[in-house]
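A.B. asks: How does the following fold in three dimensions:
(2 chains)
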Number of protein chains: 2
Amino acid sequence: MSSNAPFGSCSSTHETEEGTVFAPKFDGNGLITAVTTDARTGELLMVAWMNAEALARTIETGEAWYWSRSRNELWHKGDTSGQIQTVVELRTDCDQDTVWLKVEVAGDGGCCHVGYRSCFYRRVPQGKPATLEPTGERKLSASVQK
Amino acid sequence: MSSNAPFGSCSSTHETEEGTVFAPKFDGNGLITAVTTDARTGELLMVAWMNAEALARTIETGEAWYWSRSRNELWHKGDTSGQIQTVVELRTDCDQDTVWLKVEVAGDGGCCHVGYRSCFYRRVPQGKPATLEPTGERKLSASVQK
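C.D. replies: This is a model prediction of the structure:
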C-alpha cells in the first residue's frame, strides 16, 4: 500500500507528467492549490487550498472540500451558505501540484464570501499597478458567505 | 510613497475586499498564485507563481512574466518557445492573494512544457484517488517548451 494513500506515488518526472497515477504534490504546509471554475460558463470562481483529507473527500463525495487557512479547518464549501459545489470534473496539471475543479454551484450560485458569484470582481488596469477597478459584476447578496 | 511600491497598501479587510487599491499579498516566499486562462475560450491553461517583479512587469508590459520555482529565476513566458502571453485582462480576488490573467497565446498557442495547449490534460475519476485518465487532448508538439 502506498505511503501516499489514498493517492498514488510516481517514481519519475516522466511518470508524474505523462502517467496515469495521481500523486498530488502537497507543499510544505501539506496543501495543494485548487482552482475552481463554473462547469457551465467556464468562469473562474475561486482559488483555494486543499489538504490531503479535503482532496480525498472531494474525490470520494463529488462535492468540493477545501482547507480554510484562515479558520485552520476542513471546509465543506456551502455547508452554511447552501452554495454546495458539485464536481463535474476534476483535473490535475503536468507536475501534479494543482487541481482544477469544474463545478455546479447550488444555492444562489455564488461562491465568494464578499457576496459575488466569483471572487474575481476587480481588474488591474494595464500600467497601473496600484489600482483596481470594478468589472461591473453585482453582488448576489450583501451578507458574508462561507 | 508606499513601501509596497509599485503596488498600493490597504489598511483594513474592508479596503482589501471592497476597495480600489491593488495591494497584492505575497506569501512567505514572496510569491503570489497566478491563474492563466485563454481569453477567447476561457480554458484554464496553467497555474504558476509570480514574485513582485514578475507581477510589476506583467502589469507594465502587458505580457505575462512569472517566477520559475524550479529554475529560481524570472520567466518571461514564451521567450524561448514563442508562446508569448499577451494579457487581455488581469484580475485579482477578494483577499488579493491570487491574480487571474486572461491571455492570448502567440506561437503555436501552447502553454504546457510537456507539449499540450493546457497543463490540465488529465482528469481524476470520481472515487478513484490514485488514478488519472487522459482527457483526449493532443500534444501540439513533442518537444519540451518553456
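
A.B. asks: how much space between the spatially most central residue of chain A and chain B?
C.D. replies: Central residue of chain A (CA atoms, centre = their mean): residue A:34, 3.3 Å from the mean position. According to CB to the nearest CB, to the nearest Å, residue A:34 and chain B sit 10 Å apart. Quick note: C-beta positions are derived from backbone N, CA and C, even for glycine.

A.B. asks: per-residue confidence for that residue?
C.D. replies: Here the pLDDT value assigned to residue A:34 is 98.

A.B. asks: Which secondary structure elements does the helix or strand hosting residue A:46 sit against?
C.D. replies: Per DSSP states H and E, residue A:46 falls inside strand A:44-50. With contacts taken as 3 or more CB pairs under 8 Å, 6 or more residues apart in numbering or on different chains; DSSP states H and E, strand A:44-50 sits against strand A:32-38, strand A:65-68, strand A:98-105, strand B:32-38.

A.B. asks: can I get those in JSON lines with distance to residue B:54?
C.D. replies: Output for these, formatted as JSON lines (distance: least, CB to CB, whole Å):
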{"stretch": "strand A:32-38", "distance to residue B:54": "17"}
{"stretch": "strand A:65-68", "distance to residue B:54": "26"}
{"stretch": "strand A:98-105", "distance to residue B:54": "18"}
{"stretch": "strand B:32-38", "distance to residue B:54": "8"}
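
A.B. asks: Can you say which of those strands is nearest to residue B:93?
C.D. replies: strand B:32-38 (9.3 Å; CB to CB).

A.B. asks: mind showing which ranges of chain A have poor pLDDT?
C.D. replies: Applying pLDDT under 70 to chain A picks out residues A:1-3, A:141-146.

A.B. asks: give me that answer again for 90
C.D. replies: Low-confidence segments of chain A (pLDDT under 90): A:1-5, A:141-146.

A.B. asks: Where do the strands of it begin and end?
C.D. replies: For chain A, the strands defined by DSSP state E occupy A:32-38, A:44-50, A:65-68, A:73-76, A:85-92, A:98-105, A:122-123, A:133-134.

A.B. asks: closest to residue B:135 out of the helices and strands packed on strand A:44-50?
C.D. replies: Here strand A:98-105 is closest among the helices and strands packed on strand A:44-50 (CB to CB), at 10.7 Å.

A.B. asks: check contacts around the residue of chain A most remote from its centre.
C.D. replies: Most distant residue from the mean C-alpha position of chain A: residue A:127, 29.3 Å away (CA atoms, centre = their mean). By CB atoms under 8 Å, 6 or more residues apart in numbering or on different chains, the residues touching residue A:127 are B:59, B:60.

A.B. asks: and if you look at residue A:27?
C.D. replies: With contact set as CB under 8 Å, 6+ apart, residue A:27 has these partners: residue A:97.
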